[in-house]
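Undergrad: how would this look folded up:
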Amino acid sequence: MFEVIFLIFISLYFIQIAVFLIGAVKEYPKLEDDELPNATVIVAARNEHDNIIDCLTSLNNLEYPEDKLEIIVVDDHSTDDTYQLAENYIKDKPRFKLIQPEKSIGIVKGKANAIANAIEIAAGDIILTTDADCVVSKTWAKTLASYFTKDTAMVCGYTNQFDNNLYRAMQSVDFVYLLGVAGGTMNLGKPLSCIGNNMSYRKDVYHEIGGYEKIPFSVTEDFQVLMAMHNLKKYKIIYPLDKEGLVTSKPFDDLKSLYWQKKRWGVGGLKSDLVGFSVMATAFITHVLILTQPLFFTVNTLVMSLFKFFIDYYFLKEIYRKLSLKLKISHFVIFEIYFLIYVVLLPFVIPNRKVRWKGRTYN
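TA: Prediction:
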């Protein structure tokens, strides 16, 4: 009986991953450089002393028509010297603006309120967002903007993480895996998630959904914007697998911060629909079966467990190849161990919806 159940869920898992990969590698037409729209990059920063200069330096190196790009840095009332560091860096760089949120917009809080304040003064037709702990590629802005053909409302991009040790590499592989799933489902017309450190959308569609002030507050504000635009049923929302649009973020170096990130994402995921919960349930049950497999060990259960790891490896290998990244075996192994553990534990953590984020607590 255990073997039969295991086979059913391994088969479902395989079908899911195959579908995700089909969607993830879908290609889209692009605009020529002389057709690029006016764009505004928005970076919300709070207590980013260690990261802000690297982020701003990468943004300063963006390749984009000079008269079509502005960059707004929003200091979200940092309690360190983030504002002063940013102010000194941009003083001789006219493409940059530095602000602090002057008002509360609707019921939104924290980062969402900071971004909403910036959008109110943004000159660009396209809004691009990244985070202050990220470094963007030189071609990031023009790559995402080039996908805004007719009727496209949102374009998301891929993010990896600095992986100079195994703990960081584990997080980086996890990022790429989750975004591969997000990209695959989104490109097949069923968006399940996105990430705010590499996303873009039309400003007029943002206003059409009512902006952040009309969206219920969430600790995953990017997901709320995604679903509001998707629910209009009028526009394309795409997730091209394009190495030129890659962003690299800084991973956590401590377990506590990683725990709160995973919990925040898990709590945000509670707003998923039936398809989203089905995807999560299949992964959860598959991982439970693998962890309990030694109790019901047979050669068949071992083969099915190994097949699951092969499925993940092939999926990741293809995503990495498209992004011109290298997937090391050691990085994959540590990710699989981590993946097994957190997918099983997360459902028991998120019923208590308290979340800590950027020095603030949300319930």
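Undergrad: tell me where the model's unsure across the stretch 151-300 of the chain.
TA: Within the stretch 151-300 of the chain, the stretches with pLDDT under 70 are 217-219, 270.
Undergrad: next SSE downstream of the helix or strand that contains Thr292?
TA: Using DSSP states H and E, Thr292 sits within helix 274-292. Scanning forward in sequence from helix 274-292 by DSSP H and E, the next helix or strand is helix 299-322.
Undergrad: buried stuff in that following helix?
TA: Residues 301, 304-305, 308, 311-313, 315-316, 318-320, 322 are the ones in helix 299-322 that count as buried (16 or more other Cβ atoms under 10 Å). Every C-beta, even on glycine, is put in place using the N, C-alpha and C of the backbone.
Undergrad: in this protein, which residue is most central in space?
TA: By Cα atoms, centre = their mean, the chain has its centre lying nearest to Ile195, at 2.2 Å.
Undergrad: which of the helices or strands spans that residue?
TA: Using DSSP H and E, Ile195 maps to neither a helix nor a strand.
Undergrad: return the distance of it relative to Gln261.
TA: Look at Ile195 and Gln261: by Cβ to Cβ, to the nearest Å, they are 11 Å apart.
Undergrad: ok, back up a step: which one among the buried residues of helix 299-322 gets closest to Lys68?
TA: Distance to Lys68, by Cβ to Cβ, is smallest for Lys322 among the buried residues of helix 299-322, at 27.7 Å.
Undergrad: okay, the closest one: pLDDT?
TA: You'll see Lys322 listed with a pLDDT of 97.
Undergrad: residue boundaries of the helices in the stretch 51-200 of the chain?
TA: 52-60, 82-90, 110-121, 140-146, 166-187 (DSSP state H, counting those that start in this stretch).
Undergrad: hmm, who's touching the first one?
TA: Pointing back at helix 52-60 there. 41, 43, 45, 48, 71, 73, 82, 85-86, 89-90, 93, 95-96, 130-138 (Cβ atoms under 8 Å, 6 or more residues apart in numbering).
Undergrad: run the last query once more with 7 Å
TA: Here helix 52-60 makes contact (Cβ atoms under 7 Å, 6 or more residues apart in numbering) with 41, 43, 45, 71, 82, 85-86, 89-90, 93, 132, 134-136.
Undergrad: any idea how far Val4 is from the spatially closest residue to Thr301 that is not a sequence neighbour?
TA: Distances taken as Cβ to Cβ, 6 or more residues apart in numbering place Gln293 nearest to Thr301, at 4.7 Å, with adjacent residues excluded. Taking Cβ to Cβ as the measure, Gln293 falls 14 Å from Val4.
Undergrad: how about the helices of the stretch 51-200 of the chain in JSON lines, adding distance to Asp33?
TA: What follows is these, written out as JSON lines (distance: least, Cβ to Cβ, whole Å):
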{"stretch": "helix 52-60", "distance to Asp33": "19"}
{"stretch": "helix 82-90", "distance to Asp33": "25"}
{"stretch": "helix 110-121", "distance to Asp33": "25"}
{"stretch": "helix 140-146", "distance to Asp33": "7"}
{"stretch": "helix 166-187", "distance to Asp33": "24"}
